[in-house]
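Colleague: no sequence for this one, just the structure:
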């Protein structure tokens, strides 16, 4: 069932999402050669706790960390470890924070030092595809209109959108209905209504859209070893333009 948030719940979510977005920004600032993904994860964990929230991902379904940190061909759900980042890596960081019972969820892909123009294009297209999608995150459209816009933009730039994982509703639960695919035909799925809060999160690959989940049952990589990027924000449906909740203003 899709949950419509009231004003009190929306205000709580705004705070949760600001903490989440600031944790993402902190992680992005730490992406540089020689830093381990475990160091970034610890900083994210400590930041979220310091601001009175709980890391949404820690222990979720057994996930062992506070952030998913995915490098190069890892699409999502990378488990932080002692691996040190290298010049030229691209690093996707996905974080969530639970404040007073409501979650924020966001992600972005960051360049580690100097990266290739091709890798930068992948990051840029992934980010922009989110904004192309949320042009349709308005009352009166349907959920699939968002994904159709994402897919059209991504594929027009020569990249692919992952099918096996999708965006989702977010609120009192980290993952709620509806699913928000990044592909598909327009005009399908639930109608978008004021008070819905959804995580729109394009996962984009430089090659095939097929992915494999590794033996740890979390780490998800591109099937052909191509680069991947990820961009996500929690979005509130309003009477007009959608409101991106995972922003750092007002922290």
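Modeller: Here it is on my side, so go on. Predicted model, so just to flag it, every value in this text is computed and none were measured. Numbering: from 1, shown residues only.
Colleague: can I assume residue 106 sits in a helix?
Modeller: No: counting by DSSP: H, G, I helix; E, B strand; the rest coil, residue 106 falls outside a helix, being strand.
Colleague: quick one: the nearest residue to it once chain neighbours are set aside from residue 204, how far?
Modeller: Sequence neighbours aside, residue 246 is the residue nearest to residue 106 in space, at 3.8 Å (criterion: Cβ to Cβ, 6 or more residues apart in numbering). Yep, even glycine has a C-beta here, placed from its N, CA and C like the rest. Note on residue 246: its distance to residue 204, by Cβ to Cβ, to the nearest Å, is 19 Å.
Colleague: likewise residue 87?
Modeller: 22 Å.
Colleague: ok, longest helix in the protein?
Modeller: helix 7-30 (DSSP state H).
Colleague: which residues sit against the helix or strand following that one?
Modeller: Downstream of helix 7-30, the first helix or strand assigned by DSSP states H and E is helix 37-50. With Cβ atoms under 8 Å, 6 or more residues apart in numbering as the test, helix 37-50 has contacts from 19-20, 22-23, 26-27, 30-31, 54-55, 58, 65-67, 69, 71, 78, 80-83, 85, 91, 93, 95, 97.
Colleague: list only buried entries from the residues you listed.
Modeller: 19-20, 22-23, 26-27, 30-31, 54-55, 58, 65-67, 69, 71, 78, 80, 85, 91, 93, 95, 97 (16 or more other Cβ atoms under 10 Å).
Colleague: quick revisit: and the longest helix of the chain, what other elements does it pack with?
Modeller: helix 37-50, strand 67-71, strand 90-99, strand 102-111, strand 233-236 (3 or more Cβ pairs under 8 Å, 6 or more residues apart in numbering; DSSP states H and E).
Colleague: with that, I have no additional questions.
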